[in-house]
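**Student:** I'd like to go over a predicted model; first the sequence, then the structure.
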Amino acid sequence: MRDPAPRVAAIVLNYNGREVTLQALASLSAMDYPAFDLVVVDNGSTDGSHGAIAEAFPGVVQRRTEENLGPAGGCNLGIRWALEQEGDRRYDYLLILNNDIEVAPDMLTEMMRVAESDPAIGVVGPKAYYHAPADRDRIWSAGGRLRFRESVTRERGEGERDRGQFDRDEEVDYINGCAMLVRREAFERAGLWDPIFHLAVEDADFCMRIKALGYRCWYAHRARLWHMVAYATGVYKPGKTFHTGRSTAIFVRRYGTFRQKLQSWLWLLAAIPVAYLRELPKGNQAAAISKFRGYREGWRVELVDPPRW
């Protein structure tokens, strides 16, 4: 690690999650890394988040938009602010974070240890667990894989109890945007998150863009985080599946070869009937239909270049 330690802007995105965000900030404030600032982007919240955060954490920088810009648009508001800081406030890294998280005190220190080990490492991610008390040793993500199927992202180790099977720092396909430490130069060269991905896959798209520039994505196994996702029930709901399908199609169009595009369609056509029958007893078959509709919509939208810095 360099001396003085590189400066980090830890950017938390919040939309009507006052209590969850306050819990995340309490956890993040306890990190032992010596040179970081907390930044909260309020993405059009109406639940009093801004005032509650200012009262509980007066040292936290807040950036607010009056309308919900989506995950990518909201994160970009914080990213632009961080990149604009100069002099003693200049940030060397940006840590993009969800608000539904709890972190180990040494998470950022361990992520920075990996990031600083090689200037070619552009993005670093932690070992993420489920947050529920019964599942705090159950892995949610140990870095991610990319594939051209009905869903382009897959989290390594998802649902597995941690037995040390991912206890090594290593290169991975992509880092989930739940907690993504990004080298400043990667944003300056590759651009910002792409708001065409209204929900889902914007993190995988960013990783693809920085890898095209020669950067690498690394998983830091000693960095630990707990994410408030439900292991038992999941997030297979119509609103979510529509945007997952739409973003998947856009990703495949942008990066896939002809063969990979065909492969993705075949996987989708095979998976949707299976998902429909699986969800039928739950009365949730609309989620499968919505995913198909979203995928179809993703093949119709106009593709434009991601926003530059």
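**Tutor:** Everything's here; your move.

**Student:** the closest residue to residue 207 other than its chain neighbours: how many residues sit nearby?
**Tutor:** Closest residue in space to residue 207, ignoring its immediate chain neighbours: residue 174 at 3.9 Å, by C-beta to C-beta, 6 or more residues apart in numbering. Using the backbone N, CA and C atoms, a C-beta is placed for each residue, glycine as well. Neighbours of residue 174 under the rule other C-beta atoms under 10 Å: 26.

**Student:** mind listing what residue 174 touches?
**Tutor:** Residue 174 makes contact with 123, 143-146, 153, 203-204, 207-208, 217, according to C-beta atoms under 8 Å, 6 or more residues apart in numbering.

**Student:** which element is residue 295 on?
**Tutor:** Taking DSSP states H and E as the definition, residue 295 sits inside helix 285-298.

**Student:** and what of residue 64?
**Tutor:** strand 61-65.

**Student:** packing partners of that strand?
**Tutor:** Other helices and strands packing on strand 61-65, by 3 or more C-beta pairs under 8 Å, 6 or more residues apart in numbering; DSSP states H and E, are strand 36-43, helix 49-56, helix 70-84.

**Student:** now do it and helix 70-84, the angle between them.
**Tutor:** Between strand 61-65 and helix 70-84, the angle comes out at 130 degrees (axes from the mean of the first three to the mean of the last three C-alpha atoms, to 10 degrees).

**Student:** name every strand pairing with strand 61-65 and say which way it goes.
**Tutor:** strand 36-43 (parallel) (DSSP bridges).

**Student:** pull the CA atoms of the strand it pairs with into PDB?
**Tutor:** Provided in PDB are the C-alpha atoms of strand 36-43 (Å, rounded to 0.1, in the frame of the first residue of the first chain):
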ATOM      1  CA  PHE A  36     -12.200   7.200   2.700                       C
ATOM      2  CA  ASP A  37     -15.200   9.500   2.600                       C
ATOM      3  CA  LEU A  38     -18.800   8.400   2.600                       C
ATOM      4  CA  VAL A  39     -21.100   9.800  -0.100                       C
ATOM      5  CA  VAL A  40     -24.900   9.100  -0.300                       C
ATOM      6  CA  VAL A  41     -26.700   9.600  -3.500                       C
ATOM      7  CA  ASP A  42     -30.400  10.100  -2.800                       C
ATOM      8  CA  ASN A  43     -32.200   8.900  -5.900                       C
END
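
**Student:** one step back: pull out the buried positions in the helix holding residue 295.
**Tutor:** 285-295, 298 (16 or more other C-beta atoms under 10 Å).

**Student:** same check on stretch 59-66?
**Tutor:** So for stretch 59-66, counting by 16+ other C-beta under 10 Å, buried means 60-63.

**Student:** which one of those residues sits closest to residue 49?
**Tutor:** residue 62 (9.0 Å; C-beta to C-beta).

**Student:** what ranges do the helices span in the protein?
**Tutor:** 18-29, 49-56, 70-84, 107-115, 184-190, 202-212, 238-255, 258-279, 285-298 (DSSP state H).

**Student:** which among the ones you listed is found nearest to residue 307?
**Tutor:** helix 70-84 (6.7 Å).

**Student:** poorly predicted segments of the stretch 101-250 of the chain, please.
**Tutor:** 230-235 (pLDDT under 70).

**Student:** relative to helix 107-115, how tilted is the strand ranked longest in the chain?
**Tutor:** The strand that spans the most residues within the chain, counting by DSSP state E, is strand 216-227. Between the axis of strand 216-227 and that of helix 107-115 there is an angle of 170 degrees, by the same axes, to 10 degrees.

**Student:** show me what strand 216-227 is packed against.
**Tutor:** Using 3+ C-beta pairs under 8 Å, 6+ apart: strand 216-227 touches strand 101-103, helix 107-115, strand 121-130, strand 170-171, helix 202-212.

**Student:** hmm, back to that, bridging residues for the residue nearest to residue 207?
**Tutor:** Beta-bridge pairing for residue 174 (DSSP bridges): residue 144.

**Student:** what's the spacing between it and residue 149?
**Tutor:** Distance of residue 174 to residue 149, given as C-beta to C-beta, to the nearest Å: 14 Å.

**Student:** now residue 267
**Tutor:** 4 Å.

**Student:** per-residue pLDDT, the spatially closest residue to residue 278 that is not a sequence neighbour?
**Tutor:** Leaving aside its sequence neighbours, residue 278 sits nearest to residue 288 (C-beta to C-beta, 6+ apart; 7.9 Å). Turning to residue 288, the model gives it a pLDDT of 95.
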